[in-house]
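> Structure of the sequence below:
(one chain, ligands or ions: 1)
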Amino acid sequence: MTTPVTTWHRLAGTAVLLDGFHALKHAVRFGAEIPVAVATDREATLALADELAPDVRDRLSTLLTEVPEETYRALVPRPHPTAVAALAVRPSRAANLERLAARPRPTPVVLLDHPRNLGNAGAVIRLAAGFGATGVITTGTLDPWHPTVVRGGAGLHFATAVERLTPEELPSGPLFALDPEGDDIRDVKLPDDAVLAFGSERSGLSPEVRERADHLLALPMRPQVSSYNLATSVGMTLYHWSAFRGS
Ligand SMILES: C[S@@+](CC[C@H](N)C(=O)[O-])C[C@H]1O[C@@H](n2cnc3c(N)ncnc32)[C@H](O)[C@@H]1O
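Sure, this is the predicted structure:
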């Protein structure tokens, strides 16, 4: 007999874990395919939806199965305070690559050049989703769909195209690389089809991305401060793009 628990075990190796109410809510809003969702208190979860996200309440009512607390704890690596979890189907790489390559591109792509910190990558995906960026590309070894990144992204991997690529596969478009040694970003209007590149937390931009860059831009920073945090830099740059959009 197929139960939510057997479905969970069948899919857990390949699906994306949505950890907690907010991740599930975002994934639902942005059209994720969700084969299984569990909660230890279905009524309490639906009451939370009534309060915080009435737009997804009906969909959650269809998706959620109540399971005992021990069952929930056995399904997830780390219980979430909302005691809600779900598995989503990862969007196809082909579809994401198509979105990233499509021209004209309506909003920028964020490129994280060899990022190292999973929390930073999640925060960047959340920012990119919030600003309506076309996607987030990573190069290097970090998997942008790692469970810790997905947790940091609060289910917003489904709101923007997230893929790991090699430097040779980067989408076309003007490449603006962010570096403290660049020209002042405040003098530049970032185009909607920009690729906005950010270096690794430890060593900054790679030689390949530096070479490919059409412009090197700096965020305002007082002397004696070496650099900003990676995700913070992405936030400021996307804000700068959005603030001058259409001006
Ligand atoms: C933590 S910093 C990297 C610091 C690294 N030690 C270095 O050598 O550049 C991560 C990335 O954030 C961006 N960044 C940080 N501060 C910046 C600033 N003031 N202007 C432009 N980009 C900045 C850059 O893309 C940088 O590569």
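> alpha carbons only for contacts and neighbour counts from here, please
Will do.
> List the beta-bridge partners for the closest residue to P4 other than its chain neighbours.
Closest residue to P4 in three dimensions, ignoring its sequence neighbours and counting by C-alpha to C-alpha, 6 or more residues apart in numbering: V36, at 6.2 Å. The bridge-partner assignment for V36, based on DSSP bridges, gives L87.
> Now do V36, the pLDDT please.
Looking at V36, its pLDDT reads 97.
> chain center to stretch 12-27, what's the gap?
Centroid displacement of stretch 12-27 relative to its chain, using C-alpha atoms, centre = their mean, to the nearest Å, is 13 Å.
> Can you list the neighbours in contact with it?
Identification of contacts with stretch 12-27 by C-alpha atoms under 8 Å, 6 or more residues apart in numbering yields 45, 53, 56, 80-90, 145, 147, 150-151, 153-159.
> Just list what the strand ranked longest in the chain packs against, helices and strands only.
Using DSSP state E, we find that the single longest strand of the chain is strand 175-184. Applying 3 or more C-alpha pairs under 8 Å, 6 or more residues apart in numbering; DSSP states H and E, one finds that strand 175-184 contacts strand 195-198, helix 207-212, strand 215-218.
> returning to that earlier point: assess the claim that the residue nearest to P4 and L63 are in contact.
Yes - contact status for V36 versus L63: in contact at 6.7 Å, counting by C-alpha atoms under 8 Å.
> Quick check: residues of the protein near the ligand?
For the chain, the residues in contact with the ligand under the definition C-alpha under 6 Å from any ligand atom are 178-180, 198-205, 217-221, 227-230, 233.
> same for the helix or strand containing E43, what does it pack against?
E43 is located in helix 42-52, with elements delineated by DSSP states H and E. Counting contacts by 3+ C-alpha pairs under 8 Å, 6+ apart, helix 42-52 is packed against helix 57-63, strand 64-66.
> how far does the longest one sit from the chain's center?
Translated: helix 57-63. Mean C-alpha position of helix 57-63 versus that of the full chain (C-alpha atoms, centre = their mean) differs by 24 Å.
> Renumber starting at 50 from here on
From this message on, residue numbering opens at 50, which makes the last subject helix 106-112.
> ok, residues contacting it?
Applying C-alpha under 8 Å, 6+ apart, the set of residues contacting helix 106-112 is 77, 83-86, 95, 98-99.
> and those residues, which are buried?
Buried by 16 or more other C-alpha atoms under 10 Å: 77, 83, 85-86, 95, 98, out of the contacts of helix 106-112.
> Of the residues you listed, which is the nearest to the ligand?
Comparing the buried ones among the contacts of helix 106-112 against the ligand with C-alpha to the nearest ligand atom picks out V77 as the nearest, at 31.4 Å.
> V105 is in contact with that closest one, correct?
Yes - A contact is recorded between V77 and V105 when judged using C-alpha under 8 Å, the distance being 6.9 Å.
> What is the neighbour count of A292?
If you count neighbours by other C-alpha atoms under 10 Å, A292 ends up with 12.
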